[in-house]
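Visitor: turn this into a model:
(2 chains)
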Amino acid sequence: MPLIIYDFAKQEAEVALNSGMPGLRIQYFRGPVWAKTNEQLKKQIVEGNNPITGKPVMPELVEKLTKPLTAVEKKTGEIKRDKGQLTYTGTPDELQQMFLDKRYTDFMPVILPTEEKVAEMLKATSHNPDDMLGKMNPGSEAGDNWTYTVKDAAINAVMAGARPEYFPVILAIGSTGHPGVNVSDNGFMSGAVINGPIRDEIKLNYEIGAVGPYAQANTTIGRAWNLLSINGGNCGKVGTTYMGTVGNAMNAINVIIAENERDSPFKPLSVRRGFKENENVVTLFAGWGILSAKDWKVDVWGPNMDYPQIIKDIYNQQDAMFGTIAVLSPPIARFVADAGYDTAEKFTEWVMQSANPAAAAAPPARGPAGTQGLPPAGRFSGGGPVFTVVVTGGSNNNYWCMGGMRPQQAVQIDKWR
Amino acid sequence: MKLRVAVIAILCTGLCCSFSFNNQAYAQAKKKTPANQPVIMQKITVLNPMGTPPPITLIPQAPRLDTLDGKTIYFVNTGYIGTDRLMEVMSDWFKANYPKTNVVVKKSAGGMTGVDKALWAEIGEKGDAAIVGLGH
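Guide: Sure, this is the predicted structure:
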């Protein structure tokens, strides 16, 4: 019988159902457990009550071990499920409200997905609308894999406000099954780095404000990923498939980065990962997010800046679960190159030379090693130290971002045209 | 100076025209929809954005025990921080309140997401029930 903190009760009921055990007997209590002494655990949990039933925890646990099973608890067979009715009819206001009530949205108004708008979106791909695009779940603890078709992705892309020319990128992301919103109570985020000429073709912003919501392509591709995750992968439902204790503001549209290949002194990320020059590629990331380097390192900001060393210092203080990503603006990347690291590989090697105590204590990989394979949906690939350099943004000042984002799958975009 | 005056004049003319156009459009719209009549919004049909959940195969729960006396109960620690302490205090409670129950505390090598096959085999062979934690 599972022992679980009561805040997860709603989630566990759904997980138990998905696992074929609706009504599974679970003993709940008030947490957290972490950092409490034995005496605190005894008083608060062992001698405490289940907040849901109000009954003392331990006698209730004994009852659950000894009370005979009901007919429902012994039931076998199969429960079939589907997406429900295929269309809804109403006024635009009624439909917006209904989509909100059914939690089809990210709590912002959507472009209502009429058959005409979805057909227009589907013209941007040669793939059959009914082809299965991918399967997704919100994370390993929280559920089973839902499946979605190319047409499901088109519906969500329309809702996000995406233009048809963005659709191959959205399909490439959707084909991985990587959720935009992960269930974890840590509050993870997702990111994507886009390389190749498609950046200019669809007007992705890789200049001032590159990682923010300052271009239709960046913003709506990120939003479409989230809506597909919510609707196609059953992600992001607070209490069941989303448990971020404080949450993560980057979940709004994820972090969509088009590399500034024009102004970067380094080869594009996709080329460094084995793809050809000028190949349109999207590389996915999972992690904590990114933040201005100014907030990672204090007392170094002045007329004489050793940018490579600052980046290395920040790397050395970061957790290894998602590794470190340096999102460099072109001026900072050039400072790094001028310091003798004329390739991202040389710089990476130097940054990672010193032992990172956090990296040394990293947990073992939870998915298959490497970063270009396809790990099980909802799982993260890799583990241990990793340092990734990406160049984007404007050249109007010497600012850049750093954070924890681990590379995941990398996918060719053009095969989704 | 003359150029500046000309530019200002053109801008003002444009602004006035714009106000004039907007006022005309507003007046026309008002004419079409008298104030005392509600605007009727046309109904449209939209598509369901959901994916497809898989079918669920029901698994019956393990039979319950008629008594705890003489039975062996495993407390399985899946490794989340603090679970070792919780298992310790819970097993102490069992030892005090059910002295005829054999309590075994073990740590799962599978962690929170994997399965420790050897331990599950041991529980299957020697145990009567297992309490597994922690869902944090």
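
Visitor: what helix or strand is A:S229 on?
Guide: Using DSSP states H and E, A:S229 sits in helix A:216-232.

Visitor: mind giving me the packing neighbours of that helix?
Guide: strand A:132-136, strand A:146-149, helix A:150-160, helix A:167-176, strand A:189-195, strand A:255-258 (3 or more C-beta pairs under 8 Å, 6 or more residues apart in numbering or on different chains; DSSP states H and E). All C-beta spots, glycine's among them, are computed from the backbone N, C-alpha and C.

Visitor: make sure A:A410 is indeed in a strand.
Guide: Yes - assigned with DSSP: H, G, I helix; E, B strand; the rest coil, A:A410 falls within a strand.

Visitor: apart from its neighbours in sequence, what residue is nearest it?
Guide: Leaving aside its chain neighbours, A:A410 sits nearest to A:T283 (4.2 Å; criterion: C-beta to C-beta, 6 or more residues apart in numbering or on different chains).

Visitor: so which of the helices and strands packed on helix A:216-232 gets nearest A:W34?
Guide: Nearest to A:W34 among these is strand A:189-195; the distance by C-beta to C-beta comes to 22.6 Å.

Visitor: quick one: the following helix or strand past that closest one to chain centroid distance?
Guide: Downstream of strand A:189-195, the next assigned helix or strand under DSSP H and E is helix A:198-201. Helix A:198-201 has its average C-alpha position 23 Å from the chain's average C-alpha position, going by C-alpha atoms, centre = their mean, to the nearest Å.

Visitor: using CSV, write out every CA atom in helix A:198-201.
Guide: This file holds the C-alpha atoms of helix A:198-201, laid out as CSV (Å, rounded to 0.1, in the frame of the first residue of the first chain):
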residue,chain,number,x,y,z
ILE,A,198,13.7,28.6,-41.3
ARG,A,199,14.5,31.2,-38.6
ASP,A,200,14.4,33.9,-41.3
GLU,A,201,11.7,32.3,-43.3
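
Visitor: how about stretch A:25-41: buried residues?
Guide: For stretch A:25-41, a neighbour-count test (16 or more other C-beta atoms under 10 Å in any protein chain shown) marks A:25-31, A:33, A:36, A:41 as buried.

Visitor: so which of those residues also contact chain B?
Guide: Contacts with chain B within the buried residues of stretch A:25-41, counted by C-beta under 8 Å from any C-beta of the partner chain: A:25-27, A:31, A:33, A:36, A:41.

Visitor: export those as a markdown table, with columns for pLDDT.
Guide: Converted to a markdown table, these look like this (pLDDT from 0 to 100):
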| residue | pLDDT |
| --- | --- |
| A:R25 | 94 |
| A:I26 | 94 |
| A:Q27 | 94 |
| A:G31 | 87 |
| A:V33 | 90 |
| A:K36 | 92 |
| A:L41 | 93 |
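
Visitor: the residues you listed in helices, which ones?
Guide: Within those, residues falling in helices by DSSP state H are A:L41.

Visitor: what two of the ones next to chain B among the buried residues of stretch A:25-41 are the furthest from one another?
Guide: A:R25 and A:K36 (24.8 Å).

Visitor: including distance to B:P55, could the buried residues of stretch A:25-41 go into JSON lines?
Guide: Formatted as JSON lines, these follow (distance: C-beta to C-beta, whole Å):
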{"residue": "A:R25", "distance to B:P55": "23"}
{"residue": "A:I26", "distance to B:P55": "23"}
{"residue": "A:Q27", "distance to B:P55": "29"}
{"residue": "A:Y28", "distance to B:P55": "28"}
{"residue": "A:F29", "distance to B:P55": "33"}
{"residue": "A:R30", "distance to B:P55": "35"}
{"residue": "A:G31", "distance to B:P55": "33"}
{"residue": "A:V33", "distance to B:P55": "35"}
{"residue": "A:K36", "distance to B:P55": "41"}
{"residue": "A:L41", "distance to B:P55": "40"}
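
Visitor: from the residues you listed, which is closest to B:G111?
Guide: The shortest approach to B:G111 among these belongs to A:V33, at 16.0 Å (C-beta to C-beta).

Visitor: so what's the closest one up against?
Guide: Contacts for A:V33 (C-beta atoms under 8 Å, 6 or more residues apart in numbering or on different chains) come out as A:5, A:41, A:45, B:80-83, B:85-86, B:134, B:136.
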